[in-house]
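*Asks:* Structural data only, the sequence is not supplied:
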């Protein structure tokens, strides 16, 4: 998957953090779940804050997320990222 200016990373604590220098960024639409093509069923809501915590994640499971940037100019669809939780 390609990294770009709207790249998001899940860090320790399974949270994403907005980049500090986003221009015209108002809010983010967060998609998170086990579907490799996140859609309406993975939509977690529109997040005005800088973090999203998905809560407990079962072990040995693949997760996918996408962050869409939303501002006065419209919505920019982000790339899909993935990770797998550990087996223990």
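*Replies:* Right, received. Where do you want to start? Note that the structure is a prediction, hence the values are computed from the model and not measured.
*Asks:* going forward, measure contacts and count neighbours with C-alpha atoms only.
*Replies:* Noted.
*Asks:* how about low-confidence regions in this protein?
*Replies:* Scanning the chain for pLDDT under 70 picks out 1-25.
*Asks:* If you count residues, where's the longest strand of it?
*Replies:* Determined from DSSP state E, the single longest strand within the chain is strand 62-71.
*Asks:* Just checking: what are the partner strands of that one?
*Replies:* Using DSSP bridges, the strands paired with strand 62-71 are strand 27-33 (antiparallel), strand 74-76 (antiparallel), strand 80-84 (antiparallel).
*Asks:* downstream neighbour of the first one in the secondary structure list?
*Replies:* What that stands for is strand 27-33. For strand 27-33, the following helix or strand on the C-terminal side (DSSP states H and E) is strand 43-47.
*Asks:* And that following strand, what does it pack against?
*Replies:* strand 27-33 (3 or more Cα pairs under 8 Å, 6 or more residues apart in numbering; DSSP states H and E).
*Asks:* which residues are in contact with the strand it packs on?
*Replies:* Contact partners of strand 27-33, identified using Cα atoms under 8 Å, 6 or more residues apart in numbering, comprise 38-40, 42-49, 54, 63-71.
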